[in-house]
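[1] Sharing a model that was predicted from the sequence below.
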Amino acid sequence: AGRDRQPLVAGVGGGVVIEPLAQGRPTVDQDLVGQLVDRAAVVVLGDQQPTADQGVEDVAAAAGGDQIALGAPDLTQRMPAQGEGEIAISPDQVVVDSLSTRIGGVHATGRLSRDGAGKLRGALALDALSAPFLASLVLGAPQPAPTGGLWPHLKFAPATLDPPTTDLDLSVARFDLGGVVASDLRAKLALAPGALGFSDLNLKIGDGVVAGSGGLRREGGAALAKAKLAVSAVALAAGPLSARATGRIDASGAGASMNELVGSLAGSGAVRWTEARIDRAAPDAPARVAAQFARDESPVEQGAVARALAGALDAGPQDLEAFESDLALVGGRLSATTVVAHAGGVVVRLGGGFDLRAGALDLRENLPATVDDAKSTIDIGWSGPLSTPVREIRADLFVAALAEQAIARESARNAALEADMRERAFFNRRLKSDRRSDEERRAAAEAARLEDERIARERRAARAAEEPGALERKPVEQHKAAPHRPVSYTHLTLPTKRIV
């Protein structure tokens, strides 16, 4: 037969209805409405009820253990809750099957059992849960962070609730990691006063997967944390940087505040990066800038080169082929070893890290910048908050190479000009020499011609002198031969032959 509704706590509304099943096992229709007070609400199956000045332990002790205590923290705000389930009580344990409850807007289903030692076991499926809430079971209520800081410097607060020793197979549809929302969490959760542990963890972040184990434990005022995680194809992004990570990392740390705990983290790991992309980092930017300065013969100035490089880098993304790097976690700073990677036929060097204490990224890339045959590099850095890292370009070696190229180009131009001047001077000298030689040849030819004419005249004169009647003809012939030159007869030798 059913029993009347009984108040959970004196002065608080709500109650429990117990009804028999056909198999003889009772069911509990539990309606938890109102404000939970003291340290627990009690579902009373016996006849004894707590009075206003009695605690839960007093009622449980007086009833000889015939009570079912539902533990709840000492809250100062209302937490509406309702649920139902099938309860089975035996000398060794209490079992709640087909549990379906909604507490604080979170729906949970599953099965729970509590043995004689007070240990809870079972399986729960929740539609939502947050990692900060789980951590607060050990670390206490979150402390405020200082202005401009990321982590609280205040000591950890006392835990608001010491949970019973618990082993649960937990599944959560939506798991808040404190800024990143995961889904489909599966894990074995272990709770105890001042301790929390998880194993066989598996959850999804986007279409990537995180697996592993870890724990959190209080020892006095300090807290100890450890984790061993493996990630598979988890998408990461920070400003213009994006990639998928597949790898592992082991980490541990201890501290009396969250700032000390994060600052003490140490560990190691390895990761393989795929689909890595850096926006506004075109790998051919140095080559295009070098060609531009060579073509335009622009003055090589540090500021002008920096502006040209920034514009060329902004022209496109840098898609990197898959590469691997080792990880080192020291003092809360996660560093990746410098590695060689390939981007569009260009070989680059990458390295950097992430400071967990400040939430700041520090990534460095060394990009080759060959100018003619001279090899140089430019350094590109991204630093600052994850959401808005600032790019910095250092191109001292590249500027020096461009300046050297400009000097070499000017030297070559001057050498070519000097060679042209020398060639022109040579040809001028050659031309003058040729002209002088031509004049000398013409003068020699003219002299030779005149000499030939003179010789010819002398020969003709000699022949004429030997012929009869030369005396009468010679003046005439000489006059014909040289009509403009007068003939002097004073030089003629008259023949001695007497004319009869």
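    Alright, I've got the coordinates. Everything numeric in this text was worked out from a predicted model, so none of it was measured.

[2] How many residues are close by residue 349?
    15 (other C-beta atoms under 10 Å). In short, each C-beta sits where N, CA and C put it, glycine included.

[3] ugh, typo on my part, it should be residue 293
    Neighbours around residue 293, by other C-beta under 10 Å: 21.

[4] try residue 451
    Neighbour tally, residue 451, other C-beta under 10 Å: 10.

[5] Quick check: the gap between it and residue 445.
    Taking C-beta to C-beta, to the nearest Å as the criterion, residue 451 is separated from residue 445 by 11 Å.

[6] Leaving out chain neighbours, which residue sits closest to residue 191?
    residue 166 (4.0 Å; C-beta to C-beta, 6 or more residues apart in numbering).

[7] who's that neighbour bridged to?
    residue 120, residue 191 (DSSP bridges).

[8] Verify the stated contact: it with residue 117.
    No. Distance between residue 166 and residue 117: 12.0 Å, which falls outside the contact criterion (C-beta atoms under 8 Å).

[9] Same drill for the two, tell me which one is more crowded.
    residue 166 (18 against 8).

[10] Return the residues in contact with the more buried one.
    Residues counted as contacts of residue 166 (C-beta atoms under 8 Å, 6 or more residues apart in numbering) are 119, 120, 121, 189, 190, 191, 192.

[11] For the closest residue to the first one other than its chain neighbours, what are phi and psi?
    With sequence-adjacent residues excluded and distances taken as C-beta to C-beta, 6+ apart, residue 119 is closest to residue 165, at 4.6 Å. Dihedral angles phi and psi of residue 165 (degrees, to the nearest 10) take the values phi -60, psi 120.

[12] Tell me, please, the helix or strand in the protein that averages the lowest pLDDT.
    When the helices and strands of the chain are compared on mean pLDDT, DSSP states H and E, strand 40-44 comes out lowest with a mean of 36.

[13] what sits against residue 401?
    Contacts here follow C-beta under 8 Å, 6+ apart; on that basis residue 401 touches 290, 369, 371, 374, 376.

[14] Buried ones only from those residues, please, as a ChimeraX command.
    Selecting the buried subset of those in ChimeraX, with 16 or more other C-beta atoms under 10 Å as the burial test, is done by:
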select :290,369,371,376
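
[15] The contacts of residue 401 in helices, which ones?
    By the criterion of DSSP state H, membership of the contacts of residue 401 in helices covers residue 290.

[16] which helices and strands does the longest strand seen in the chain pack with?
    When the chain is parsed with DSSP state E, its longest strand is strand 222-238. Using 3 or more C-beta pairs under 8 Å, 6 or more residues apart in numbering; DSSP states H and E, the elements in contact with strand 222-238 are strand 195-205, strand 208-219, strand 241-255.

[17] could these be laid out in a markdown table, adding mean neighbour count and distance to residue 391?
    What follows is the helices and strands packed on strand 222-238, written out as a markdown table (neighbours: other C-beta atoms under 10 Å; distance: least, C-beta to C-beta, whole Å):
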| stretch | mean neighbour count | distance to residue 391 |
| --- | --- | --- |
| strand 195-205 | 17 | 27 |
| strand 208-219 | 17 | 27 |
| strand 241-255 | 18 | 10 |
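
[18] Which among these is found nearest to residue 380?
    Among those, the nearest to residue 380 by C-beta to C-beta is strand 241-255 (11.4 Å).

[19] That closest one: how far from the chain's middle?
    15 Å (C-alpha atoms, centre = their mean, to the nearest Å).

[20] So what touches the following helix or strand past it?
    As assigned by DSSP states H and E, the chain's next helix or strand after strand 241-255 is helix 258-263. Residues from elsewhere that reach helix 258-263, judged by C-beta under 8 Å, 6+ apart: 139, 143, 149, 151-153, 156, 223, 225, 253-255, 331-332, 356-357.

[21] buried subset of those residues?
    For these, buried by 16+ other C-beta under 10 Å: 139, 143, 151, 152, 156, 223, 225, 253, 255, 332, 356, 357.

[22] Can you say which of the helices and strands packed on strand 222-238 is nearest to residue 274?
    By C-beta to C-beta (comparing all of the helices and strands packed on strand 222-238), the closest turns out to be strand 241-255, at 4.8 Å.

[23] quick revisit: what distance do you get for the residue nearest to residue 191 to residue 190?
    7 Å.

[24] now swap in residue 378 and tell me
    52 Å.

[25] These two: who's more crowded?
    residue 378 (23 against 15).

[26] So in terms of bridging, what pairs with the more buried one?
    So, taking DSSP bridges as the rule, residue 378 has residue 367 as bridge partners.

[27] List the residues that contact it.
    Neighbour list for residue 378: 286, 309, 366, 367, 369, 393, 394, 395, 397, 398 [criterion: C-beta under 8 Å, 6+ apart].

[28] of those, the lowest pLDDT goes to which?
    pLDDT across those is lowest for residue 369, at 86.

[29] picking up where we left off before, which one of the contacts of helix 258-263 sits closest to residue 387?
    Using C-beta to C-beta, the contacts of helix 258-263 come closest to residue 387 at residue 356, 15.5 Å.

[30] Dihedrals phi and psi, the nearest residue to the closest one once chain neighbours are set aside?
    In this structure, residue 356 finds its nearest non-sequential neighbour in residue 332, 4.7 Å apart by C-beta to C-beta, 6+ apart. The phi/psi pair for residue 332 (degrees, to the nearest 10) reads phi 80, psi 10.

[31] pLDDT score assigned to residue 332?
    For residue 332, pLDDT reads 94.

[32] swap in residue 440?
    As predicted, residue 440 sits at a pLDDT of 88.

[33] Does it lie in a helix or a strand, and which?
    Secondary structure from DSSP H and E places residue 440 in helix 396-466.

[34] Report the distance from that helix to the chain centre.
    The answer for helix 396-466 is 69 Å, by C-alpha atoms, centre = their mean.

[35] State the phi and psi torsions of residue 207.
    When read as degrees, to the nearest 10, the backbone of residue 207 gives phi -110, psi 20.

[36] Pull the number of nearby residues for it.
    10.

[37] Now name the helix or strand holding residue 141.
    Secondary-structure assignment from DSSP H and E places residue 141 in no helical or strand segment.

[38] Looks like it contacts residue 160 (just checking).
    Yes. In this structure, residue 141 is within contact of residue 160 by C-beta under 8 Å, at 6.2 Å.

[39] quick one: contacts for residue 391?
    Residue 391 makes contacts with 240, 280, 380, 381, 382, as judged by C-beta under 8 Å, 6+ apart.

[40] now swap in residue 365 and tell me
    Applying C-beta under 8 Å, 6+ apart, the residues near residue 365 are 278, 281, 348, 349, 350, 379, 380, 381.

[41] go with 7 Å
    348, 349, 350, 380 (C-beta atoms under 7 Å, 6 or more residues apart in numbering).

[42] List just the nearest of those to residue 437.
    Ranked by distance to residue 437 (C-beta to C-beta), those are led by residue 348 at 66.7 Å.

[43] how near is the closest one to residue 415?
    Residue 348 is 37 Å from residue 415, by C-beta to C-beta.

[44] Looking at those two, which one has more neighbours?
    residue 348 (22 against 10).

[45] can you tell me how far that one sits from residue 276?
    Residue 348 is 11 Å from residue 276, by C-beta to C-beta.

[46] Residue 169 is in contact with residue 188, isn't it?
    Yes. Counting by C-beta atoms under 7 Å, residue 169 does reach residue 188; the two are 6.0 Å apart.

[47] what residues are up against the nearest residue to residue 400 once chain neighbours are set aside?
    Nearest non-adjacent residue to residue 400, counting by C-beta to C-beta, 6+ apart: residue 376, 7.0 Å away. The contact partners of residue 376, taken as C-beta under 7 Å, 6+ apart, are 369, 370, 397, 398, 401.
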